[in-house]
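**Q** model this:
(one chain, ligands or ions: 1)
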Amino acid sequence: MGMKPHILAIPYPAQGRTSNSSVIVDDDNIDLVSIPDGLEPWEDRNDFKKLIEAISQVMPGKLEEFIKKINNGSDEDEKISCVIADENIGWALDVAVKMGITRAAFWPAAAGQLALAFSIPELLEDGIINSNGTPIKNQMIQLSPTMPAIHTSKLGWACIGDLATNKAAFEIVSRNNASVKVANWLICNSALELEPAAFSLFRNILPIGPLLSTNRHGKSAGSFWEEDSTCLEWLDQHPPDSVIYVAVGSFTVFDYKQFQELALGLELTNRPFLWVVRPDPDHDHAFPDGFRDRVGNRGQIVGWAPQQQVLSHPSVACFFSHCGWNSTMEGVSNGVPFLCWPYFADQFLNQAYICDVWKVGLGFSNGDESGIIKQGLIKDKVEQLLGDITFKERALDLKELTAKSVREGGCSYSNLNNFVEWMKP
Ligand SMILES: O=c1ccn([C@@H]2O[C@H](COP(=O)(O)OP(=O)(O)O[C@H]3O[C@H](CO)[C@@H](O)[C@H](O)[C@H]3O)[C@@H](O)[C@H]2O)c(=O)[nH]1
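**A** Numbers count the residues shown, from 1 in each chain. Down below sits the predicted model:
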């Protein structure tokens, strides 16, 4: 009998990434261990520069120690035989090489986003960005005619925070470009049907997605926050295609004024809404005066929703989303049209896929002179999206296309199976 592989899967230490990490193996066979990310528990993990620097300084050494501890002295079949690491932590692949372990990189976002990262040498050569990754040309760019066009200011690493944060992000992206070359496999949580142009530009990126909990062999590995499932019963009380689901992921931070406008905008729509408002000790989420009383049972507010169950619920009409890639894949897989509210990094490209390429959603332009998107505009966009049946029709077509890819005979299905076969020693 062949030996069982012992795989070490290392997600990026953030919510969106951990949600994919237990998909490939049976949960009974998973041990969850943690490696320090270099920050103390009370330090601010929303300080991106600090987080990414701490991670790349502290985690490689800790990972090496951890692997040594397991591999020295274990029985042969206990030894780690393969490392799967998030592409964003390319150093983990370097550690695997150093220790003679086979390795795969997992890209949790759009292949188009990775294609942009892989195009850094050309972007530098064409004088579109400088050596800090800062855009020096003010223009739209498009890697190929069927890929989404994005503005240079919205290149993933160039819209994370202040200049120093963006520079730190750019350095890491560039370093990852080098590290990923040592990966034996580069798998991506997307489908060929969703991004044919990106996958044909970089054929080493293999789509295995969308990875969803409904396709999982076991149960979810869990999230950082506790899910409030009472909202499913609340959804049951509403007619099909009636509820606006609002969730902006694990990083988005709203400014006070924008939060208030969003609340008033939802109130103005006169439609039922389910709104995820994460409890955040650092930011004040004051609702407008009298808001909770006025909306009453029409507005359900939860700290963290079972999002995939929510999106598959028939009463959900549209998804007001920050366009994180997992949310994007979950909305697409459930045939739900989007209202796009991107916040940073790859979310602008994801919005461009949703609005311009797949045409299953609408975005907002930049808001008023202070950048605030007003309540009236929020209401108008909801009406525009839900008033035009073609958004829903295209969303349902896209759902079917993606579902085919993860079914037997589909492209993602066979890539995933080949990958699993490869991991077996
Ligand atoms: O109430 C909620 C809200 C969200 N989720 C889940 O949380 C995940 C959120 O993931 P995602 O939509 O990707 O957002 P982020 O957590 O913000 O993701 C980070 O990682 C993504 C993948 O790399 C990037 O695309 C994003 O820009 C980045 O912010 C999804 O699986 C959701 O189902 C819940 O379960 N309940």
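**Q** May I have the lengthiest helix in the chain exported as PDB, CA atoms only?
**A** Longest helix in the chain by number of residues (criterion: DSSP state H): helix 48-71. This file holds the C-alpha atoms of helix 48-71, laid out as PDB (Å, rounded to 0.1, in the frame of the first residue of the first chain):
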ATOM      1  CA  PHE A  48      -1.200  46.500   6.400                       C
ATOM      2  CA  LYS A  49       2.400  47.700   6.200                       C
ATOM      3  CA  LYS A  50       3.200  46.500   9.700                       C
ATOM      4  CA  LEU A  51       1.400  43.200   9.100                       C
ATOM      5  CA  ILE A  52       3.100  42.300   5.900                       C
ATOM      6  CA  GLU A  53       6.500  43.300   7.200                       C
ATOM      7  CA  ALA A  54       6.100  41.300  10.400                       C
ATOM      8  CA  ILE A  55       4.900  38.300   8.500                       C
ATOM      9  CA  SER A  56       7.800  38.200   6.100                       C
ATOM     10  CA  GLN A  57      10.400  38.900   8.900                       C
ATOM     11  CA  VAL A  58       9.100  36.400  11.500                       C
ATOM     12  CA  MET A  59       7.200  33.600   9.800                       C
ATOM     13  CA  PRO A  60       9.900  32.000   7.500                       C
ATOM     14  CA  GLY A  61      12.100  31.100  10.500                       C
ATOM     15  CA  LYS A  62       9.200  29.900  12.500                       C
ATOM     16  CA  LEU A  63       8.000  27.800   9.600                       C
ATOM     17  CA  GLU A  64      11.400  26.200   9.200                       C
ATOM     18  CA  GLU A  65      11.500  25.300  12.900                       C
ATOM     19  CA  PHE A  66       8.100  23.800  12.700                       C
ATOM     20  CA  ILE A  67       8.900  21.600   9.700                       C
ATOM     21  CA  LYS A  68      12.100  20.500  11.300                       C
ATOM     22  CA  LYS A  69      10.300  19.500  14.500                       C
ATOM     23  CA  ILE A  70       7.900  17.300  12.500                       C
ATOM     24  CA  ASN A  71      10.400  15.900  10.000                       C
END
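**Q** what sits up against that helix?
**A** Residues from elsewhere that reach helix 48-71 (C-beta atoms under 8 Å, 6 or more residues apart in numbering): 8, 10, 13, 33, 35-39, 43-45, 78-80, 89, 91-92, 94-95, 98-99, 101, 160-161, 164-165, 168-169, 172, 175. Using the backbone N, CA and C atoms, a C-beta is placed for each residue, glycine as well.
**Q** Could you tell me which of those residues belong to helices?
**A** Residues of those located in helices (DSSP H): 91-92, 94-95, 98, 164-165, 168-169, 172, 175.
**Q** Please list only the buried members of these.
**A** Neighbour counting with 16 or more other C-beta atoms under 10 Å marks 91-92, 94-95, 165, 168-169, 172 as buried within the ones in helices among the contacts of helix 48-71.
**Q** between those residues, which is closest to the ligand?
**A** A169 (12.0 Å; C-beta to the nearest ligand atom).
**Q** Quick check, that closest one in contact with G133.
**A** Yes. With contact defined as C-beta atoms under 8 Å, A169 counts as touching G133 (7.4 Å).
**Q** Now the common contact residues for these two.
**A** W157.
**Q** Can you pick out the most distant pair from the ones in helices among the contacts of helix 48-71?
**A** By the measure C-beta to C-beta, K98 and A164 form the most distant pair in the ones in helices among the contacts of helix 48-71, at 29.9 Å.
**Q** Near the closest residue to V83 other than its chain neighbours, how many residues? Count them for me, please.
**A** Closest residue in space to V83, ignoring its immediate chain neighbours: A96 at 4.1 Å, by C-beta to C-beta, 6 or more residues apart in numbering. For A96, the count of nearby residues is 27 (other C-beta atoms under 10 Å).
**Q** S153 now?
**A** The number of residues packed near S153 is 12, by other C-beta under 10 Å.
**Q** Could you do G299 as well?
**A** G299: 20 neighbours (other C-beta under 10 Å).
**Q** and it, how far is that from N138?
**A** 40 Å (C-beta to C-beta, to the nearest Å).
**Q** What of S174?
**A** According to C-beta to C-beta, S174 stands 22 Å off from N138.
**Q** again with D236
**A** D236 is 49 Å from N138, by C-beta to C-beta.
**Q** Over to N204?
**A** 32 Å.
**Q** for P148, same thing?
**A** Between P148 and N138 the computed distance is 18 Å (C-beta to C-beta).
**Q** more neighbours, these two?
**A** In this view P148 and N138 are compared by other C-beta under 10 Å, and P148 has more residues nearby, 23 against 9.
**Q** The nearest residue to the more buried one once chain neighbours are set aside sits in which helix or strand?
**A** Nearest non-adjacent residue to P148, counting by C-beta to C-beta, 6+ apart: A352, 3.4 Å away. Using DSSP states H and E, A352 sits in helix 347-352.
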